[in-house]
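In: Fold the following.
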Amino acid sequence: MTTQTKWNGDKSRELSIILERMHGLAVTRLFHSMARTMHAFDLSYSQMNALFRIFGLGPQSIASLAEGVHLSHAAASRMVDKLVRQGLVKREPNPDCRRKKDVILSPAGLEIVESVQAITAGAYEDFMAGVPENLLQDLLDLLRTIKPHLPEFLPGLRFPERQP
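Out: Numbering: from 1, shown residues only. Prediction:
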């Protein structure tokens with residue numbers, strides 16, 4: 001049994017500031033790229049969110065997508081119709097109930113999600129380029145140790161592990 005510690009002191013604050021700075025460096029590039037991608041594909045934030053939910057959670061019903069992206073069932077259905085027309089998702093029969101349809105990513109939808117992930121990883125890689133090799137190794141070792149103790153981002157989310 002592991003015990004969780006809630007830091008209330010200077011270490012927690014300093015760590016939060018450093019992580020926020022690192023995240024800010026990556027997000028600056030990510031948002032610029034996402035805006036370009038969303039404009040190129042005429043995607044709304046809800047549509048981009050839906051692509052990532054399908055990627056992370058697997059096939060989704062219209063109802064679960066509606067709940068996940070905070071839209072009404074009718075609005076989610078229209079959103080999926082547009083994503084289907086754009087070739088970013090497909091509707092397939094639900095394996096447990098052939099009368100129901102699941103929404104899955106198409107290869108083009110998967111390509112969008114993976115491109116955003118690659119941009120994020122690339123941003124971190126670029127700003128870490130000036131860090132000495134021994135410190136990068138120390139950080140990597142520490143993050144590998146911490147990773148199993150981190151909470152799930154979203155219950156059921158199963159972002160595939162990316163290989164270095």
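In: Count the neighbours of L15 for me.
Out: Neighbours of L15 under the rule other C-beta atoms under 10 Å: 11. Quick note: C-beta positions are derived from backbone N, CA and C, even for glycine.
In: brain fart, S72
Out: By the criterion of other C-beta under 10 Å, S72 has 9 neighbours.
In: Thought I62 was touching it, still the case?
Out: No: here S72 lies out of contact with I62, judged by C-beta atoms under 8 Å, at a distance of 10.5 Å.
In: Can you tell me the SS state at R99?
Out: Here R99 is recorded as strand under DSSP: H, G, I helix; E, B strand; the rest coil.
In: State the distance from it to P93.
Out: Separation of R99 from P93 (C-beta to C-beta, to the nearest Å): 8 Å.
In: Neighbour count for the two, which is higher?
Out: Taking other C-beta under 10 Å, R99 and P93 do not tie; P93 has more neighbours (11 against 6).
In: What residues does the residue nearest to the more buried one when sequence neighbours are not counted make contact with?
Out: Of all residues not flanking P93 in the chain, K101 sits nearest, at 6.4 Å (C-beta to C-beta, 6 or more residues apart in numbering). Contacts for K101 (C-beta atoms under 8 Å, 6 or more residues apart in numbering) come out as S61, I62, R91, E92, P93, N94.
In: Could you identify the buried members of these?
Out: S61, I62, R91 (16 or more other C-beta atoms under 10 Å).
In: So which residue is dead centre in the chain?
Out: Centroid-nearest residue in the chain: F52, 5.5 Å away (criterion: C-alpha atoms, centre = their mean).
In: There's contact between that one and V113 in this structure, I believe.
Out: Yes: if you go by C-beta under 8 Å, F52 and V113 touch, sitting 6.0 Å apart.
In: and the gap between R78 and Q137?
Out: 50 Å.
In: Show me which of the two is the more surrounded one.
Out: Remark: of R78 and Q137, R78 carries more neighbours, 13 against 10, as counted by other C-beta under 10 Å.
In: in a strand, that's where that one is, yeah?
Out: No: counting by three-state DSSP, R78 is not found in a strand; it is helix.
In: the helices in this structure, which residues?
Out: Counting by DSSP state H, one finds helices in the chain at the ranges 10-40, 45-57, 62-69, 73-85, 107-127, 133-146.
In: can you redo the ones you listed as JSON lines with mean pLDDT?
Out: Output for the helices of the chain, formatted as JSON lines (pLDDT from 0 to 100):
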{"stretch": "helix 10-40", "mean pLDDT": "88"}
{"stretch": "helix 45-57", "mean pLDDT": "93"}
{"stretch": "helix 62-69", "mean pLDDT": "94"}
{"stretch": "helix 73-85", "mean pLDDT": "97"}
{"stretch": "helix 107-127", "mean pLDDT": "91"}
{"stretch": "helix 133-146", "mean pLDDT": "93"}
